[in-house]
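Colleague: Here you go, sequence then predicted model.
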Amino acid sequence: MKKNSFLIRFIDIGLILLFGFVIISDITIRSQIELPGHEDSASGETENILLFLEIQEANQYKITEVETQLTYEEINGLSELEGLLLAIKEEKMADNFNISAVIHPQEDATMQQLVDVLDICDRIGISKNINIPS
């Protein structure tokens, strides 16, 4: 009988300590994560303009602005492409727009052309994504 009462007291003390720690512990989450979402343009925020950049063969490129369907064709060489992208970005930033580019390499485009276009977008500060042909 004595052994059973000692065991019951030990379990009681353990449960009291457990409930005490649960009561005094702080279980609220104090971190707040900013999730990406759609920005409201009426509050002075910038809107996004989407460019469709097509990498063609022989170091030629074609840029189409998706919303206005404005197309810049026969862009020859990386320096001409970089200058045009920089001019488009400066023009759109003046109107409070951000530029995003979807890069679409043709089947006959080389990997080096894709890397060069990605580097240009990084230098200029244009967000980019790659559309792989299927």
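Modeller: Looks like it arrived, so ask away. Everything numeric in this text was worked out from a predicted model, so none of it was measured.
Colleague: if you average pLDDT over the helix or strand where residue 12 lies, what comes out?
Modeller: Element membership of residue 12 [criterion: DSSP states H and E] is helix 2-24. The pLDDT scores in helix 2-24 average 86.
Colleague: partner strands of the helix or strand following that helix, parallel or antiparallel?
Modeller: For helix 2-24, the following helix or strand on the C-terminal side (DSSP H and E) is strand 47-55. Paired strands of strand 47-55, with direction, are strand 60-65 (antiparallel), strand 97-105 (parallel) (DSSP bridges).
Colleague: any chance of these in TSV, plus mean pLDDT?
Modeller: Formatted as TSV, the strands paired with strand 47-55 follow (pLDDT from 0 to 100):
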stretch	mean pLDDT
strand 60-65	89
strand 97-105	88
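Colleague: a markdown table please, covering those strands and showing mean neighbour count and distance to residue 53.
Modeller: For the C-beta atoms, the positions are set from N, CA and C on the backbone; glycine is no exception. Listed next are the strands paired with strand 47-55 as a markdown table, based on neighbours: other CB atoms under 10 Å; distance: least, CB to CB, whole Å:
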| stretch | mean neighbour count | distance to residue 53 |
| --- | --- | --- |
| strand 60-65 | 18 | 5 |
| strand 97-105 | 19 | 5 |
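Colleague: Any idea which of those strands gets closest to residue 48?
Modeller: Of all the strands paired with strand 47-55, strand 97-105 sits nearest to residue 48, with 5.0 Å by CB to CB.
Colleague: I'd like to know how many residues surround residue 72.
Modeller: Counted by other CB atoms under 10 Å, the residues lying close to residue 72 total 18.
Colleague: repeat for residue 84
Modeller: 14.
Colleague: Find the helix or strand that it is a member of.
Modeller: helix 78-94.
Colleague: what's the spacing between residue 91 and residue 48?
Modeller: Using CB to CB, to the nearest Å, one gets 15 Å for the distance from residue 91 to residue 48.
Colleague: I should have written residue 88 there, sorry.
Modeller: 13 Å.
Colleague: Now do the shared contacts for those two.
Modeller: Common neighbours of residue 88 and residue 48, using CB atoms under 8 Å, 6 or more residues apart in numbering, are residue 99.
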